[in-house]
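*Asks:* Okay, structure incoming, though there's no sequence with it:
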């Protein structure tokens, strides 16, 4: 009798449970789904603590899905960027291998038989081996490469003139656009707007900018020339870089001679505006520029310098102290005609006391120990006014621009 009563009680409880589920819109035939909903979805009659638990769980799941979508999107973007760069490199290599060198007059853009040397772009004659890349983007001005590193990219320059023919921009566009002109967070390596690269008006110092991407692309490798943080491998294995322009007949090698870690915000101390030193009017301005760079350089080499040398500057963001206004900047000079393009890396060494900025010393402590580089490596420097100037104050021969 008791057994029969118990069975009836269970049946009654089942009926009540099914009725409750039905009132909540739960399908009794889908037990797995129903159980999930009761466990994780806020339901009528849930206690406050249970509702909070379920809401936190749902928010966590949503956040995880968003993170996964963003991660997949980043990976897809990285792959697209990688594929585009590979395509551009292959295009360049293929185009250059097909070109037969022609004797030409660079002042007129004519080859010996009187035909054009290349496409005239309003500034100079673009050599025919660059035609394919030029058709994709007329802002291309050259190619930067450091052998055996990820740095192997086209270089662009976006120049805009006002009604008076003065350059007014643009140093911003390629921070967020790829070579094809499409939006891309990593941008494109670009040449400062105020430094044309044609032979008759080449800058004394060509400044290139590129992002320091966490995935190792663009100018991320530049920071490896900070030996105090990354060791000497980059300096010992890659002491030179190559920069060729769309107007040059051959790849030009540059010898790396300095690198600086520097601030760009006045709040962190004196700002040395390396990016404004594009042209020198005289030797004193050159000596002042080089003196400021060498006092701040994190390493020294055997590379000598003299007035008239062409300098190339690679600038990227770098935040080891957390300040997003800091930069790491690499400097190299063009190999002179008939000069040995190699560098004796055995003579390269770390500077034990570079000149940093105020914020660096506030965080790390210490102070500048004074000039300690071999000034004889800069021809004429010891006899110049810059030799006696204090790099911690504004050099009178190198005005702030």
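*Replies:* Thanks, I have the structure now. Fair warning: this is a prediction, and the values are worked out from it, not measured in the lab.
*Asks:* So, low pLDDT: which residues of this structure?
*Replies:* For the chain, the stretches with pLDDT under 70 are 1-40, 73-78, 97-118, 120, 122-123, 165, 167-169, 198-201, 388-401.
*Asks:* Which stretches in it count as helices?
*Replies:* Remark: helices assigned in the chain by DSSP state H are 2-23, 31-40, 48-98, 131-136, 227-230, 233-237, 283-296, 358-364.
*Asks:* now the longest one, how far from the chain's geometric center?
*Replies:* Relative to the mean C-alpha coordinate of its chain, helix 48-98 is positioned 20 Å out (Cα atoms, centre = their mean, to the nearest Å).
*Asks:* At the geometric centre of the protein, which residue do we find?
*Replies:* The centroid of the chain falls nearest to residue 211 when counting by Cα atoms, centre = their mean (2.0 Å).
*Asks:* what's that one in contact with, if anything?
*Replies:* For residue 211, the contact set (Cβ atoms under 8 Å, 6 or more residues apart in numbering) comprises 175, 186, 187, 218, 219, 220, 316, 317. Just so you know, the C-beta spots here come from the backbone N, C-alpha and C atoms, and that holds for glycine as well.
*Asks:* Compare the residues you listed and tell me which has the most neighbours.
*Replies:* Highest neighbour count within those, by other Cβ atoms under 10 Å: residue 219, with 25 neighbours.
*Asks:* Grab the nearest non-local neighbour of residue 301.
*Replies:* Leaving aside its sequence neighbours, residue 301 sits nearest to residue 348 (Cβ to Cβ, 6 or more residues apart in numbering; 4.8 Å).
*Asks:* so how many other residues sit close to that neighbour?
*Replies:* By the criterion of other Cβ under 10 Å, residue 348 has 19 neighbours.
*Asks:* wait, doesn't it sit right on residue 299?
*Replies:* Yes. In this structure, residue 348 is within contact of residue 299 by Cβ atoms under 8 Å, at 6.3 Å.
*Asks:* shared neighbours of these two, anything?
*Replies:* Each of residue 235 lies in contact with both residue 348 and residue 299 under the rule Cβ under 8 Å, 6+ apart.
*Asks:* in terms of contact, does residue 51 touch residue 44 like I think?
*Replies:* No. Between residue 51 and residue 44 there is no contact under Cβ under 8 Å: 10.3 Å.
*Asks:* Which residue of those two possesses the greater neighbour count?
*Replies:* Ranked by neighbour count (other Cβ under 10 Å), residue 51 and residue 44 place residue 51 first, with 12 against 8.
*Asks:* In space, what's closest to that one - neighbours in sequence excluded?
*Replies:* residue 42 (4.7 Å).
*Asks:* Quick check: phi and psi on that neighbour?
*Replies:* Main-chain dihedrals, residue 42, degrees, to the nearest 10: phi -60, psi 130.
*Asks:* How many residues are close by it?
*Replies:* 14.
*Asks:* and it, how far is that from residue 65?
*Replies:* Distance, residue 42 to residue 65, using Cβ to Cβ, to the nearest Å: 19 Å.
*Asks:* before we move on, what about residue 330?
*Replies:* Counting by Cβ to Cβ - residue 330 and residue 65 are separated by 41 Å.
*Asks:* So for those two, which sits in the more crowded spot?
*Replies:* Each of residue 330 and residue 65 has its neighbours counted (other Cβ under 10 Å); residue 330 has more, 26 against 10.
*Asks:* Strands of the stretch 251-400 of the chain, start to end?
*Replies:* Taking DSSP state E, counting those that start in this stretch as the test, the strands found in the stretch 251-400 of the chain are 253-263, 299-300, 311-317, 326-334, 349-350.
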